[in-house]
Every structure is written in C-alpha cells, then in structure tokens.
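Novice: Coordinates for the following, if possible.
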Amino acid sequence: MGAWPARAVATAAAAHHTVTLGKPRCAAYNEPMNSTENTADSAQERAARLLVTPGALAQLSLNDARTVVRYMEPRRVAEGAQFIRAGDRENTDHLLLVIEGEVTVESPTSGGLDGLVVTVLGPGSLIGEMGLIDGAPRSANCTASTRLGLGLLSRDSLVQLIDQEPAVAARFLLAIAKRLSDHLRDANRKLLTLSQVNRAQQEELDSAHQLNAEMLGRKG
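Specialist: As a prediction, the model looks like this:
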C-alpha cells in the first residue's frame, strides 16, 4: 500500500489530551513523517519483526508479517496523550502495534478516581485486537508514557488484505484467534485460582466461627 513513506501521523498538543486514532484523515494527524523511502523501508522491517515477537503474533511468519505491515499506517502520539479511553464506542475498529515507546494501560474505576494501572506495554505489543474484530467499546484507558510510534491496522485495511492476500489474511486471523484464546485461557486460570483462594478463606472463616461457637457453648 505504500503507506509508510508519506502518511500523516497522530500527535497531541499537550499532555493528557485525548487523541482518537480511528480516522486515518482525522485532524489530529497533522505531523508529517518527512521520511525517505529508505527510512520507510527500515521502519516497515522493524514493525514486521516486532509483529512476530511473543508479545504480538509469534505464530506468524516474518514474510507474512511483512505483508501485513504494508497494510498498516504509521501513527505518532505525544507523551502524556490518552489515545484510547474506556467506553469509547466510535472509531474502535482497529488494531495498534507498538513500535516505539511505552503505553500505560489502566482499568477504569468508579467515583472519578484514578484508574488502576494494569500493565505497561512496550515495543512489540498489540493493542485493540478485539476491536479490530468486533468494533466493540474499548475496555481500558491507554496513555502514552513516552512519545509513541504505532502501526495502525484498520478493519477496512484488513478487508483489503483478505481480498488481495487471502492466504496471508487467513494465517493472520488464525494468529489473532490464537492470541485471544491464550488470553481467555489465562483469564480462566486466574478465575480458577481466585475461586480456590476464596474457598480456602471461606473454610477458614467457617472453622473460626465453629470454634467461637464451641467456646461460647462451654462458657454457657
């Protein structure tokens, strides 16, 4: 697609400003890349290699990753900018690959309190793969801890990939499915562990109550 050499990139004017990444021609994307073809090729290669790391899609081959990356568009986000907000319903149908910088992911809390930091993501991390598939509202807040370089794959670009490179698209979607499956299995393991801990705590409480009742009975 040739998107890397001349596409615009996203930036925020000030810290803690919210940036929406869903529209490729959004007014927020006003910082020119000023990239030569050589540097663009190098950026694409770096993105492709990051796409096949364990934090992204390790099941994908490097050649397939190079093809997928050609359908991505580069984005820049300023340090401190919140570019994904929990509950967002618009412009959610895209996936982001972190190429440069770090992202703080926070779980929203009630009562206007600061969110709970879930994790910090670095180069080779994927964000929003579920949104690419279903376009559902975002579930977490993502803020640029540092200035970010991202690769954005929109659903429209995914449809083009499916049409033009169906075999690569099939393998890419299988890798996405494997990643989502792994996350679900991990969540199930954590729920099982939590359930076991809760059961053990309840048994301890029941034993303590029984002991108290026996002691009160003796005193009576």
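
Novice: Can you read off the pLDDT for residue 90?
Specialist: At residue 90, the pLDDT value in this model is 85.

Novice: change the start of the numbering to 34 and stick with it
Specialist: Noted, 34 is the first residue going forward, which turns the last one into residue 123.

Novice: That one - how many residues pack around it?
Specialist: Burial measure for residue 123: 10 neighbouring residues, criterion other Cβ atoms under 10 Å. For every residue, glycine as well, the C-beta is placed using N, CA and C.

Novice: what about it, distance to residue 169?
Specialist: 12 Å (Cβ to Cβ, to the nearest Å).

Novice: before we move on, what about residue 248?
Specialist: Note on residue 248: its distance to residue 169, by Cβ to Cβ, is 54 Å.

Novice: just for this structure, where's the confidence low?
Specialist: 34-73, 142-148, 216, 218-221, 223-224, 247, 252-253 (pLDDT under 70).

Novice: how about a cut-off of 90?
Specialist: 34-76, 87-88, 119-125, 140-151, 162-164, 166-172, 212-253 (pLDDT under 90).

Novice: give me phi/psi at the residue nearest to the spatial centre of it?
Specialist: Among the residues of the chain, residue 160 comes closest to the average C-alpha position under Cα atoms, centre = their mean, at 1.6 Å. Main-chain dihedrals, residue 160, degrees, to the nearest 10: phi -130, psi 130.

Novice: is it in a bridge, and if so with what?
Specialist: Here residue 160 shows beta-bridge partners residue 129, assigned using DSSP bridges.

Novice: isn't it right up against residue 154?
Specialist: Yes: Residue 160 is within contact range of residue 154, at 6.8 Å (criterion: Cβ atoms under 8 Å).

Novice: who touches both of those two?
Specialist: Common contact partners of residue 160 and residue 154 (Cβ atoms under 8 Å, 6 or more residues apart in numbering): 131, 136, 138.

Novice: quick one: which of those has the most company?
Specialist: The residue in those with the most neighbours, by other Cβ under 10 Å, is residue 131 (24 neighbours).

Novice: Could you identify the longest helix within the chain?
Specialist: The longest helix of the chain (DSSP state H) is helix 199-252.

Novice: Off-centre distance for that one?
Specialist: With Cα atoms, centre = their mean, to the nearest Å as the basis, helix 199-252 stands 24 Å off its chain's centre.

Novice: How about stretch 109-119?
Specialist: So, by Cα atoms, centre = their mean, the centroid of stretch 109-119 is 12 Å from its chain's centroid.

Novice: Show me what counts as buried in that stretch.
Specialist: The neighbour-count check on stretch 109-119 (16 or more other Cβ atoms under 10 Å) flags 109, 110, 111, 114, 115, 116, 117, 118 as buried.

Novice: Could you do stretch 168-178 as well?
Specialist: Across stretch 168-178, burial judged by 16+ other Cβ under 10 Å covers 171, 173, 174, 175, 176, 177, 178.

Novice: How far off centre is it?
Specialist: 7 Å.

Novice: Now the terminal residues of it, how far apart.
Specialist: From its first residue to its last, stretch 168-178 covers 25 Å (Cα to Cα, to the nearest Å).

Novice: Checking residue 179 next. Helix, strand or coil?
Specialist: With DSSP: H, G, I helix; E, B strand; the rest coil as the basis, residue 179 sits in coil.

Novice: No more questions from me, cheers.
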